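In: here's a sequence, model it:
(one chain, ligands or ions: 1)
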Amino acid sequence: MISIPSRWRLAGLAALASVMSFQAQAAYPDKPVTLLVPFAAGGPTDIVARALASSMEKSLGQTVIVENKPSAGGVVAPGEVARSAPDGYKILIHHLGMATAPSLYRKLAYKPTEDFVHLGLINAVPMTLLGKPNFPANNMAEAVKYIQANAKTINLANAGLGAASHLCGLMFMSLINTDLTTVPYKGTAPAMTDLMGGQTDLLCDQTTATIPHIKGGKIKVFAVTSPQRIEAIKEVPTAAEAGLKGFELSIWHGLYAPKGLPPDIAKKLNDSLRAAMKDENFRKRMIELGSVMFPENQLTPEAHLSFLKSETDRWGKLIVKAGQFAD
Ligand code: ASP
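Out: Reported below is the predicted structural model:
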C-alpha cells in the first residue's frame with residue numbers, strides 16, 4: 001500500500017474543500033432566496049419588496065420568498081439578517097431607517113455600515129400627509145389650523161422610532177410647532193387600516209402605498225413631500241405649494257446581505273438587482289407609485305455604502321438635535 005504523507009492529505013482535502021465551495025457558489029442560487037421585509041405586509045416597503053422579488057426571480061432563476069418580520073422602527077429584520085449565514089439565501093430590503101437607527105437606538109443589535117454587504121440602492125419615494133376620512137379639514141391650511149387648535153385630542157400614527165412615518169411626523173410637528181400624541185405600529189399597513197377606519201387621525205406614508213387609497217377616496221390627503229407633484233396624484237399639492245415650506249422628505253430603499261457574503265454571490269445579487277432596475281414591469285410600477293429610480297451609475301455596492309454613510313451623518317445630526325432616543 002502506498003502511504004501518502006499527511007501534509008499532502010491535508011493539502012488534498014483543502015483543495016477538495018475549495019473546489020466544493022466553488023461549486024456551491026457557482027451553483028448559487030440552487031434553492032429559494034428569502035427577502036426579509038422589516039415592516040408589516042401590505043405597507044410601502046412590502047410593496048417595493050414584492051415587486052422587486054418577482055422581478056429578481058427572472059434573473060436568479062429561483063423563487064424569491066418575501067418574508068415579513070415586522071417591528072416598530074423596523075429594527076428586528078436587519079439584526080436577523082446580520083446574524084444569518086452569509087450564503088445569499090437571506091437578504092434584506094430596508095429604507096432610510098438603516099441610516100437613522102444608529103442615532104435613535106442606544107442598543108442596536110447591528111451596525112448598518114459594517115455588518116452587511118451593501119448590494120445596491122433601489123428607489124426613493126416621497127410621502128403624503130394623510131387624514132382619516134372624516135378629518136375636519138379639506139386642505140393643508142385648514143388641517144394645520146384645526147391641528148393647532150385641537151392638538152391634545154389628535155393622534156398621529158407611525159411605524160415606530162426611525163420609521164419613515166416617524167421622521168415625517170416629527171418634521172411636520174416641528175414645522176407647525178405642535179406636539180401630537182404619536183401611536184407606533186409595526187408598519188404603516190396596520191396604521192393605514194386604522195386611519196381608514198377612523199381610529200387614528202393622521203398618518204404620513206409613502207406614495208408607494210397611499211396612491212391607490214387616495215385615488216379611491218378612502219382617506220384625506222393634504223400634501224406630498226416631493227419638490228414636484230406626482231403624476232398619478234396630480235391634484236395633490238406639494239407641501240411647499242400647500243404653504244409648508246421645508247416639509248420635504250424622500251424615502252430611499254436598498255438591498256443588503258450579511259457581511260462575509262462571497263464576492264461572486266454578491267455580484268450575482270447585484271446583477272439581479274440591476275436587471276430588475278431595467279425590467280419594465282418593475283420600473284414602470286415603481287414610477288407609477290411615485291418613485292424616482294436610482295440611476296445606473298449609483299447601482300454599485302460602493303455607491304450604496306457611501307450614500308448610507310452620508311445619510312447616517314445627515315440624520316444623526318438632526319436626531320441628536322431633536323433629542324429623540326430609544327433603548
Ligand atoms: N411606511 C413605513 C415607515 O413608516 C414602513 C412600512 O410599513 O413599510 O417606515
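
In: for the rest of this, base every contact and every neighbour count on C-alpha atoms.
Out: Noted.

In: show me the contacts for residue 52.
Out: Going by CA atoms under 8 Å, 6 or more residues apart in numbering, residue 52 touches 273, 276, 282.

In: how much space between it and the ligand?
Out: Distance of residue 52 to the ligand, given as CA to the nearest ligand atom, to the nearest Å: 14 Å.

In: what helix or strand is that residue on?
Out: helix 44-60 (DSSP states H and E).

In: what residues are bridge-paired with the closest residue to the ligand within the stretch 201-327 of the chain?
Out: Closest contact between the stretch 201-327 of the chain and the ligand, by CA to the nearest ligand atom, is at residue 205 (5.2 Å). Beta-bridge partners recorded for residue 205 (DSSP bridges): residue 128.

In: pretty sure it is touching residue 189, no?
Out: No: with contact defined as CA atoms under 8 Å, residue 205 does not count as touching residue 189 (9.3 Å).

In: which one's more surrounded, the two?
Out: Set side by side, residue 205 and residue 189 show more neighbours around residue 205, with 33 against 23, by other CA atoms under 10 Å.

In: contacts only, for that one.
Out: Here residue 205 is in contact with 44, 127, 128, 129, 130, 164, 165, 188 (criterion: CA under 8 Å, 6+ apart).

In: could you rerun that using 7 Å?
Out: Shown in contact with residue 205 (CA atoms under 7 Å, 6 or more residues apart in numbering): 127, 128, 129, 165, 188.

In: if I look at it, how far off is residue 254?
Out: Using CA to CA, to the nearest Å, one obtains 18 Å as the distance from residue 205 to residue 254.

In: show me which residues of the protein sit near the ligand.
Out: Residues of the chain lying near the ligand by CA under 6 Å from any ligand atom: 39-40, 43-46, 158-159, 163-165, 187-189, 205-206.

In: and with 8 Å instead?
Out: Applying CA under 8 Å from any ligand atom, we find that the chain lies next to the ligand at 38-47, 73-74, 95, 97, 158-160, 162-167, 186-189, 204-206, 209.

In: mean confidence for stretch 205-225?
Out: For stretch 205-225, mean pLDDT rounds to 97.

In: what about that stretch, how long is it end to end?
Out: Using CA to CA, the two ends of stretch 205-225 sit 10 Å apart.
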